[in-house]
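In: Below: sequence and its predicted model.
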Amino acid sequence: QVQLVESGGGLVQAGGSLRLSCAASGRTFSIYRMAWFRQAPGKERQCVADISRSGNSISYADSVKGRFAISRDNAKNTVQLQMNSLKPEDTAVYFCAAGILSDYKYWGQGTQVTVSS
């Protein structure tokens, strides 16, 4: 069992930056693949970035490549999402997720990111 708590969301102007953090409970954090998803009103949930257990394998959605960076610290049981050059279309609730391979079983409660134009 893993419990995930996100933080770092907020309101930012277009072109600005935010850093999301996700803290995980439990001693087995390092066995899970981690990901950040987002969901905007009226849209499906989208995976924006994921990272392997070791951190050596990372992938991004095309819409955020070159602007977002995911990282993890297995010693601290945390995963971060650095978001730069934010756009109004990045506005969404962002969720942290943990799972085995891409079967994300555990989810945080979400944190709101709003980008004003």
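Out: Perfect, thanks for sending it. All of these numbers come straight from a predicted model, not from anything done at the bench.
In: Neighbours of residue 100, how many?
Out: Residues lying near residue 100 (other C-beta atoms under 10 Å) number 11. C-beta coordinates here come from the backbone N, C-alpha and C atoms, glycine included.
In: cool, and residue 101?
Out: The tally of other residues near residue 101 (other C-beta under 10 Å) stands at 9.
In: Quick check: which element contains the closest residue to residue 16 other than its chain neighbours?
Out: Closest residue in space to residue 16, ignoring its immediate chain neighbours: residue 86 at 5.4 Å, by C-beta to C-beta, 6 or more residues apart in numbering. Assessed by DSSP states H and E, residue 86 sits outside every helix and strand.
In: ok, now residue 69?
Out: Per DSSP H and E: strand 68-73 holds residue 69.
In: Averaged pLDDT, that strand. What do you get?
Out: Strand 68-73 shows an average pLDDT of 98 in the prediction.
In: who's in contact with that strand?
Out: With contact meaning C-beta atoms under 8 Å, 6 or more residues apart in numbering, strand 68-73 is reached by 34-36, 48-51, 55, 58, 60, 78-84.
In: mind listing what's buried in that strand?
Out: Neighbour counts over strand 68-73 (16 or more other C-beta atoms under 10 Å) mark 68, 69, 70, 72 as buried.
In: helices and strands of this structure: which one has the lowest mean pLDDT?
Out: Lowest on mean pLDDT, DSSP states H and E among the helices and strands of the chain sits strand 103-107, with a mean of 94.
In: Put the buried members of the contacts of strand 68-73 into a PyMOL selection.
Out: The PyMOL selection below is limited to those of these classed as buried (16+ other C-beta under 10 Å):
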select buried, resi 34+35+36+48+49+50+51+60+78+79+80+81+82+83
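In: Out of the contacts of strand 68-73, list just those in strands.
Out: 34-36, 48-51, 58, 60, 78-83 (DSSP state E).
In: Return the distance of stretch 82-96 from the chain's centre.
Out: Mean C-alpha position of stretch 82-96 versus that of the full chain (C-alpha atoms, centre = their mean, to the nearest Å) differs by 9 Å.
In: ditto for stretch 95-112
Out: In terms of C-alpha atoms, centre = their mean, the centre of stretch 95-112 is found 9 Å from the chain centre.
In: contacts for that stretch?
Out: Applying C-beta under 8 Å, 6+ apart, the contact partners of stretch 95-112 are 1-10, 20, 22, 24, 29, 31-39, 45, 50, 79, 93-94.
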